[in-house]
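**Student:** below is the structure, and that's it, no one-letter string:
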């Protein structure tokens, strides 16, 4: 693994980061003493849509549940009720 001093890292940061992204990590050192290791971040696995399909049931009136209460919050209580 390549070791670079802080001054070199500041001077060539773009190139060093591109190398790290290509799988060539490096260490930044001060006075020859290693301080940090720079590596690429592994991509997170994408979320799987629909992986619970068929395992839950949604009632037919789901969109209407609590509609009267929500309407009352916005419009006030129904005077006819």
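**Tutor:** Received it, and whenever you're ready, just let me know what you need. The shown structure was predicted, so the numbers you read here are calculated from the model rather than taken from an experiment.

**Student:** so which strand or helix has the residue nearest the centre of the chain?
**Tutor:** Among the residues of the chain, the one closest to the centroid is residue 44, at 8.2 Å (Cα atoms, centre = their mean). Using DSSP states H and E, residue 44 maps to neither a helix nor a strand.

**Student:** out of the helices and strands in the chain, which is least certain?
**Tutor:** When each helix and strand of the chain is scored by mean pLDDT, DSSP states H and E, helix 67-75 comes last, with a mean of 90.

**Student:** re the thing from before, what's the pLDDT at the residue nearest to the centre of the chain?
**Tutor:** Per-residue confidence (pLDDT) for residue 44: 80.

**Student:** same question, the one 3 residues further on
**Tutor:** In the prediction, the pLDDT value recorded for residue 47 is 82.

**Student:** mind checking the SS state of it?
**Tutor:** Here residue 47 is coil, with the state taken from DSSP: H, G, I helix; E, B strand; the rest coil.

**Student:** tally of neighbours for it?
**Tutor:** Using other Cβ atoms under 10 Å, residue 47 has 6 other residues around it. C-beta: built from backbone N, CA, C; applies to glycine.

**Student:** likewise for residue 27?
**Tutor:** Counted by other Cβ under 10 Å, the residues lying close to residue 27 total 15.

**Student:** low-confidence stretches in this structure?
**Tutor:** Along the chain, the parts satisfying pLDDT under 70 run over 78-81.

**Student:** quick one: the helices in it?
**Tutor:** Using DSSP state H, the helices of the chain run over residues 6-11, 13-21, 67-75.

**Student:** which parts of the shortest one are buried?
**Tutor:** So that's helix 6-11. For helix 6-11, the neighbour count (16 or more other Cβ atoms under 10 Å) marks residue 9 as buried.

**Student:** who are the packing partners of that helix?
**Tutor:** Where contact means 3 or more Cβ pairs under 8 Å, 6 or more residues apart in numbering; DSSP states H and E, helix 6-11 is packed against strand 26-30.
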